[in-house]
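Trainee: Need coordinates for the below:
(one chain, ligands or ions: 1)
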Amino acid sequence: MKRPVTILGAGLSGALMAIYLARQGRQVQVFERRPDLRKVDMDAGRSINLALADRGIHALREAGVFADVEPLLIPMRGRTLHAPDGTLTFVPYGQRPHEVIHSVSRPGLNRVLLDHARRHYGIEPRFLQAARTLDFERDELVMLDEVSGDTYTQPLAPLIAADGAGSVVRRAMTGQLGVRVTEDMLEHGYKELTLPTGRDGSHRIERNALHIWPRGGFMLIALPNIDGSFTVTLFLALKGGAESFAALDSRETVDAFFASQFPDVVPLMPGLAREFLERPVGRMGTVHADAWSAGEAAVLLGDAAHAIVPFHGQGMNACFEDCFELDRLLRSASDWRSAFEQFFQLRKPDTEAIAAMALENFLEMRDTVRDPKFMLRKELSFELERRHPERFIPRYSMVMFHHEIPYRVAFERGRTQTDVLARLTTAADAVADIPTAQMDTLVTGLLEPLPDSSSRGQWIE
Ligand SMILES: Cc1cc2nc3c(=O)[nH]c(=O)nc-3n(C[C@H](O)[C@H](O)[C@H](O)COP(=O)(O)OP(=O)(O)OC[C@H]3O[C@@H](n4cnc5c(N)ncnc54)[C@H](O)[C@@H]3O)c2cc1C
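Mentor: Numbers count the residues shown, from 1 in each chain. The predicted structure follows:
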């Protein structure tokens, strides 16, 4: 168990896993295909940001790195919904002061993790080193040095593959070991744009919110950046009709689309059409694999094992939770093989659950939020949580604010809770219309108390 560990990929999963392993006193070497993002601005002008929530924060805290990350965070207290006529509706995410999620710059976070690994543990990844393939029979990783153009081999075991959704390690497992993998790609793509900072450096729309322009089949979202700008993402069908990326191929079509669908952002984004035509369209999908490890030789981690669609803001959070759990298992297991197998047994049901919830949330974000019953059900779920905090926690809150509740439990309880909310709201237009006795009977009859149900903090009045 004391052999040096190779980590492939110095992205979010690879960098955090390196820190966890180094804390155990293990020798770690990290290979990364790209240049060092602390020295090269790879996304020139792009400031891609992500939502960090309780699960990710818990894993960062346990690794001793959260204090370094905290200055990068912007709390988002809820969703600001933008209707086509410009009406704004704020829907809070939770009902206690700490129930917020945080916008964080992806490269900023990655830099902090790499710096922490270097400063505290002397880990310096080898950049511009790409894995080309693996040979499980010979126990070899075949690497390409992108600078010299030379190929070389690296002993495999144990390898932690944090090489992202398109993992070469996963592909080698499929080709050589018969691991079954499905990659379900969405018919929607995404494009990231910039809503620049105001003249005085301030944010031009509410800073502490995640903004959504839900339009049924498609939507626009915006997350704040520390420099006063927002990263705006359009999620839209790849092709098929006027409302698709394929149709938005000229300044005229882009301008007309935004003017008709999102009129309130147009004056805030002066370079919109130019930027739109320059930026690539990204693809999204869910990866399901029926095994994540190859004996004691290699294990998949993060997106390499279970990439999901981004609509619950949980991909990175789930990756960070992986790092925490794999570290825990490696501390207690007697050998690598059993740690890797236990990791799969433990995490597979949870990652399948968050994959399903992320797909469901796509519908909620782009469409359901416009349904008047959505607001009623949201209000009612807060009321039920206040009345029965040990039994009813809104599903969104279980996923985003309760790392102690596994994803699979949130998913299962969420189904029962959806049923409770539907039954109570069929004949009601307001929470006040629903008899409290009926609420109590349904909740106590259908939902067992949660094992760790201590309510944390005060309600927001
Ligand atoms: C549009 C969008 C929005 C998102 N929003 C959120 C959000 O709000 N909240 C959230 O929690 N998650 C979000 N996610 C998900 C999140 O980005 C991913 O879950 C996370 O980045 C996965 O981290 P990773 O380290 O496993 O993989 P990656 O980030 O893909 O990193 C993999 C690393 O491996 C390297 N690599 C790849 N192949 C090789 C090779 N052959 N050799 C050497 N190195 C290699 C890559 O260069 C990269 O550095 C979003 C994703 C998308 C697409």
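Trainee: What strands line up against the host helix or strand of residue 220, and which way round?
Mentor: Using DSSP states H and E, the element containing residue 220 is strand 219-224. Sheet partners assigned to strand 219-224 using DSSP bridges are listed as strand 210-214 (antiparallel), strand 230-237 (antiparallel).
Trainee: List just the one of those strands that sits closest to the ligand.
Mentor: Nearest to the ligand, of all the strands paired with strand 219-224, is strand 230-237, at 6.0 Å by C-beta to the nearest ligand atom. C-beta coordinates here come from the backbone N, C-alpha and C atoms, glycine included.
Trainee: Just the pLDDT at the closest residue to the ligand within the stretch 351-461 of the chain, thanks.
Mentor: Residue nearest to the ligand within the stretch 351-461 of the chain: residue 358 (9.3 Å; C-beta to the nearest ligand atom). We have a pLDDT of 97 for residue 358.
Trainee: Nearest residue to it in space, please, no chain neighbours.
Mentor: The shortest distance from residue 358 to any non-neighbouring residue, by C-beta to C-beta, 6 or more residues apart in numbering, is to residue 312 (4.2 Å).
Trainee: Enumerate the residues of the stretch 301-450 of the chain near the ligand.
Mentor: Contact residues (C-beta under 6 Å from any ligand atom) of the stretch 301-450 of the chain with the ligand: 302-303, 310, 313-317, 319.
Trainee: Try it again at 8 Å.
Mentor: Contact residues, the stretch 301-450 of the chain versus the ligand (C-beta under 8 Å from any ligand atom): 301-304, 307-308, 310, 312-319.
Trainee: Domain-wise, how is this structure divided?
Mentor: 5-71+105-183+286-361, 185-283, 371-446 (automatic domain parsing).
Trainee: Just the endpoints, please. Distance across the first one?
Mentor: For domain 5-71+105-183+286-361, the first-to-last residue distance is 37 Å (C-alpha to C-alpha, to the nearest Å).
Trainee: Same check on stretch 422-436?
Mentor: Start-to-end, stretch 422-436 (C-alpha to C-alpha) is 15 Å.
Trainee: Whichever strand or helix holds residue 7 pairs with which strands?
Mentor: Element membership for residue 7 (DSSP H and E) is strand 5-8. Applying DSSP bridges to the sheet, strand 5-8 is found paired with strand 28-31 (parallel), strand 159-161 (parallel).
Trainee: any idea which helix or strand comes after it?
Mentor: helix 12-23.
Trainee: helices and strands around that following helix, which ones?
Mentor: Packing partners of helix 12-23 (3 or more C-beta pairs under 8 Å, 6 or more residues apart in numbering; DSSP states H and E): strand 5-8, strand 28-31, helix 106-121, helix 315-332.
Trainee: Could you identify which of these is most buried?
Mentor: strand 5-8 (a mean of 24; mean count of other C-beta atoms under 10 Å).
Trainee: Does that strand reach the ligand?
Mentor: Yes. Applying C-beta under 8 Å from any ligand atom, one finds strand 5-8 touching the ligand at residue 8.
Trainee: Can you give the contact residues for that strand?
Mentor: Outside strand 5-8, the residues within contact range by C-beta atoms under 8 Å, 6 or more residues apart in numbering are 14, 17-18, 21, 26-31, 131, 141, 154-156, 158-163, 169.
Trainee: buried stuff in the longest strand along the chain?
Mentor: Secondary structure of the chain per DSSP state E: the longest strand is strand 181-195. For strand 181-195, burial by neighbour count (16 or more other C-beta atoms under 10 Å) applies to 181, 186, 188-195.
Trainee: And these, which is closest to residue 57?
Mentor: Among those, residue 192 lies closest to residue 57 (C-beta to C-beta), at 24.0 Å.
Trainee: show me the contacts for the closest one.
Mentor: Neighbouring residues of residue 192 by C-beta under 8 Å, 6+ apart: 46, 48, 231-233, 279, 282.
Trainee: Greatest separation within those residues: which pair is it?
Mentor: 232 and 282 (13.6 Å).
Trainee: and the two? which has more neighbours close in?
Mentor: Regarding residue 232 and residue 282, a neighbour count based on other C-beta atoms under 10 Å identifies residue 232 as having more, with 22 against 13.
Trainee: does the more buried one really touch residue 272, like I thought?
Mentor: No. The criterion here is C-beta atoms under 8 Å, and residue 232 misses it with residue 272 at 9.2 Å.
Trainee: what residues are shared contacts of these two?
Mentor: Counting by C-beta under 8 Å, 6+ apart, the shared contacts of residue 232 and residue 272 are residue 193.
Trainee: Give me the secondary structure label for residue 353.
Mentor: State at residue 353, reduced to three classes by DSSP: H, G, I helix; E, B strand; the rest coil: helix.
Trainee: Can you name the residues that contact it?
Mentor: Counting by C-beta under 8 Å, 6+ apart, residue 353 makes contact with 406-408, 410-412.
Trainee: Of these, just the buried ones, PyMOL syntax please.
Mentor: Buried residues within the contacts of residue 353, by 16+ other C-beta under 10 Å, are selected in PyMOL with:
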select buried, resi 406+407+408+410+411
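Trainee: Could you dump the contacts of residue 353 into CSV with pLDDT added?
Mentor: Shown next, in CSV, are the contacts of residue 353 (pLDDT from 0 to 100):
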residue, pLDDT
406, 97
407, 98
408, 97
410, 98
411, 98
412, 97
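Trainee: before we move on, what SS does residue 75 have?
Mentor: Per three-state DSSP, residue 75 ends up strand.
Trainee: For residue 181, which non-adjacent residue is spatially closest?
Mentor: residue 289 (4.6 Å).
Trainee: residues touching the one you found, list them.
Mentor: By C-beta under 8 Å, 6+ apart, residue 289 lies in contact with 170, 173, 179-181, 300, 305-306.
Trainee: gap between it and the ligand?
Mentor: Residue 289 is 13 Å from the ligand, where distance means C-beta to the nearest ligand atom, to the nearest Å.
Trainee: tilt between the longest strand of the chain and strand 210-214?
Mentor: Counting by axes from the mean of the first three to the mean of the last three C-alpha atoms, to 10 degrees, strand 181-195 lies at 100 degrees to strand 210-214.
Trainee: Listing partners with orientation, what would you give for strand 181-195?
Mentor: Applying DSSP bridges, strand 181-195 is found paired with strand 230-237 (antiparallel), strand 282-289 (antiparallel).
Trainee: Name the spans of this protein whose pLDDT lies under the cut-off.
Mentor: Applying pLDDT under 70 to the chain flags residues 42-47, 452-461.
Trainee: Please, where are all the strands along the stretch 301-450 of the chain?
Mentor: Secondary structure of the stretch 301-450 of the chain (DSSP state E, counting those that start in this stretch): no strands located.
Trainee: Pop out the phi and psi values for the spatially closest residue to residue 173 that is not a sequence neighbour.
Mentor: Closest residue to residue 173 apart from its sequence neighbours, by C-beta to C-beta, 6+ apart: residue 179 at 4.1 Å. Dihedral angles of residue 179 (phi, psi; degrees, to the nearest 10) stand at phi -60, psi 130.
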